[in-house]
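Visitor: Following is a predicted model, sequence given first.
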Amino acid sequence: MKNIKSEKIYNTIKIALLTFVLMFVSNNVRANVYDYDYSLGVSFTTSKILGDNPAINTLAPINTPNVGGGINGAMPGFEIKGQYKLDGIGDWRLVAGANYTFLSAKERIPRDKSVYRLSHTVEVLSPLIGLNYYIFRFPNAMSSIYAGLELRYNYIHGSNYQVAEEFKESGEVKTRSLFGKPNAGRVGGIIKLGIEGELYENYMINVSWGVDALNILGRDNNRGQLLTPFSKNDLKIGVDLENQEDLTYNFYFSLMIQYRFN
């Protein structure tokens with residue numbers, strides 16, 4: 001009786017050990033999915049200004065003397081990015097690429113005989129370089145969580161503000177004024193958290209969120225706020241407006257499809 005009981009215990013331990021070994025081997029095989037040398041991806045991105053930066057104020061001042069940039073919402077963009085493995089298991093990866101973001105605002109002001117249409121556009125080109133560190137790996141789900149830090153050079157260009165008047169009776173449209181600020185370059189950065197997962201064979205999905213600062217270095221108070229269309233000389237406004245350039249923070253989101261090269 002003892003021998004039968006001992007044999008059952010022995011067989012149970014054997015099965016448990018075998019199951020553990022098979023799971024370990026399987027997990028290692030799946031883990032190798034992420035042991036790739038480098039990858040290249042294209043993503044859709046959005047950027048939303050955080051806080052009370054003047055760039056989010058309306059173009060036509062409401063209950064405030066401050067003229068804003070009207071950029072209040074998630075602004076679209078796209079990104080091309082590559083990753084390169086820096087260590088043997090791929091926990092550290094070098095990141096490099098470029099992001100392009102389109103910032104725009106439109107407002108409509110009706111009058112008795114006409115409608116004023118206000119528009120403001122700015123574009124930001126951001127070459128970038130950074131590091132990703134993979135914190136957790138989930139082999140069975142073929143996914144991983146990582147944290148990233150990127151240094152970006154933000155080239156702000158294409159600043160254009162236009163006021164057009166559309167006459168209701170005739171439908172004629174006349175441009176009443178054009179403004180814009182000169183191009184500018186600022187050094188910024190982003191800290192982010194992301195999830196990377198397998199889609200099909202060598203195709204992967206990469207979703208990340210972060211906080212981006214556009215102008216950590218290189219701010220110029222003579223130019224005024226970074227993403228507003230006017231300087232104090234344009235509108236002859238008071239000396240207390242547009243007399244400095246505040247830090248501009250964004251909430252960043254990226255949805256990337258990437259291809260890995262083994």
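Guide: In hand now; what should we look at?

Visitor: mind listing the helices for the protein?
Guide: 2-31, 232-235 (DSSP state H).

Visitor: Mean pLDDT lowest where, among the ones you listed?
Guide: With a mean of 50, helix 2-31 has the lowest mean pLDDT of the helices of the chain.

Visitor: pLDDT below threshold where in this protein?
Guide: Residues of the chain that meet the criterion pLDDT under 70 lie in 1-35, 63-65, 232-241.

Visitor: Strands of the stretch 1-150 of the chain, start to end?
Guide: 38-49, 75-85, 92-110, 114-138, 143-167 (DSSP state E, counting those that start in this stretch).

Visitor: by contact count, what packs against the third one?
Guide: Packed against strand 92-110, as judged by 3 or more CB pairs under 8 Å, 6 or more residues apart in numbering; DSSP states H and E, are the following elements: strand 38-49, strand 75-85, strand 114-138, strand 143-167. Any C-beta I mention is one placed from the backbone N, CA and C, and that applies to glycine too.

Visitor: Sort out which residues of that strand are buried, please.
Guide: Of all the residues in strand 92-110, those buried under the rule 16 or more other CB atoms under 10 Å are Arg93, Val95, Gly97, Asn99, Thr101, Leu103, Ser104, Ala105.

Visitor: and the gap between the residue lying closest to the last one once chain neighbours are set aside and Ser104?
Guide: Right, the one you point to is Ala105. Nearest residue to Ala105, sequence neighbours excluded (CB to CB, 6 or more residues apart in numbering): Gly70, at 2.8 Å. Distance of Gly70 to Ser104, computed by CB to CB, to the nearest Å: 8 Å.

Visitor: what sits in contact with each of these two?
Guide: Both Gly70 and Ser104 are in contact with His120, where contact means CB atoms under 8 Å, 6 or more residues apart in numbering.

Visitor: give the contact list for the residue nearest to Ala105.
Guide: Ile56, Asn57, Thr58, Leu59, Ala105, Lys106, Glu107, Leu118, His120.

Visitor: Next, format those residues as JSON lines and append distance to Ser126.
Guide: Formatted as JSON lines, those follow (distance: CB to CB, whole Å):
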{"residue": "Ile56", "distance to Ser126": "20"}
{"residue": "Asn57", "distance to Ser126": "24"}
{"residue": "Thr58", "distance to Ser126": "26"}
{"residue": "Leu59", "distance to Ser126": "24"}
{"residue": "Ala105", "distance to Ser126": "20"}
{"residue": "Lys106", "distance to Ser126": "24"}
{"residue": "Glu107", "distance to Ser126": "27"}
{"residue": "Leu118", "distance to Ser126": "27"}
{"residue": "His120", "distance to Ser126": "20"}
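
Visitor: Just give me the closest of the residues you listed to Ser254.
Guide: Checking the contacts of Gly70 against Ser254 with CB to CB, the nearest one is Ile56 at 21.4 Å.

Visitor: and the gap between the closest residue to that closest one other than its chain neighbours and Leu94?
Guide: Leaving aside its chain neighbours, Ile56 sits nearest to Asn72 (4.2 Å; criterion: CB to CB, 6+ apart). Distance from Asn72 to Leu94, counting by CB to CB: 35 Å.

Visitor: again with Asn221
Guide: From Asn221 to Leu94 the distance is 35 Å (CB to CB).

Visitor: Could you do Met204 as well?
Guide: 17 Å.

Visitor: ditto for Ile191
Guide: Ile191 is 17 Å from Leu94, by CB to CB.

Visitor: now swap in Thr248 and tell me
Guide: Taking CB to CB, one finds Thr248 at 27 Å from Leu94.

Visitor: Wait, Glu196 touches Ala147, no?
Guide: No - Glu196 is beyond contact range of Ala147, at 11.8 Å (criterion: CB atoms under 8 Å).

Visitor: Which one of the two is surrounded by more residues?
Guide: Glu196 (25 against 15; other CB atoms under 10 Å).
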